[in-house]
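Student: Can you look at this prediction? I've put the sequence above it.
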Amino acid sequence: MSAIAIDQPDDVTGNLRQMIAVLEQERQALASLDTDALTCTTRDKVALCNALMPVRAGDLSEETRTLAETARQLNEVNRRVRNLLAANVAARLDALGAPRATYAPVQYASI
């Protein structure tokens, strides 16, 4: 997977559309557990975030506000999927190890 070409920094609409495309690629990579694709999408998201950093919410048109909200929602879905995958891996790793007693009963010596 190749790196994306960032639009001109002042092309907020183009950069938000690219962000949406990258977030959709990330969702596909998560579904297929493709670590190489996840690495690429992470790099692309960081580059797009850097390009969008100077933009202020008050400067957005109705179209760009809608694109930003779509990107936010896609990112939230992807975040939840990543968290579920991480919890599943943690549970499987815990199952391989010795059982842990988080709250073991304490026995006190009688005086």
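Tutor: That came through fine. Residues are numbered from 1 along each chain as shown.
Student: Give me the buried positions along the lengthiest helix in the chain.
Tutor: Ranked by residue count under DSSP state H, the longest helix found in the chain is helix 62-96. Using 16 or more other CB atoms under 10 Å as the burial criterion, the residues of helix 62-96 that qualify are 64, 67-68, 71, 74-75, 78. No exception for glycine: its C-beta is placed from N, CA and C like everyone else's.
Student: so where is the chain shaky, pLDDT-wise?
Tutor: Residue ranges of the chain with pLDDT under 70: 1-9, 98-111.
Student: returning to what we had before: output the contacting helices and strands for the longest helix of the chain.
Tutor: Judged by 3 or more CB pairs under 8 Å, 6 or more residues apart in numbering; DSSP states H and E, the packing partners of helix 62-96 are helix 12-32.
Student: Give me the residue at the spatial middle of this protein.
Tutor: Nearest to the centroid of the C-alpha atoms of the chain, with distances taken as CA atoms, centre = their mean, sits Arg79, at 4.3 Å.
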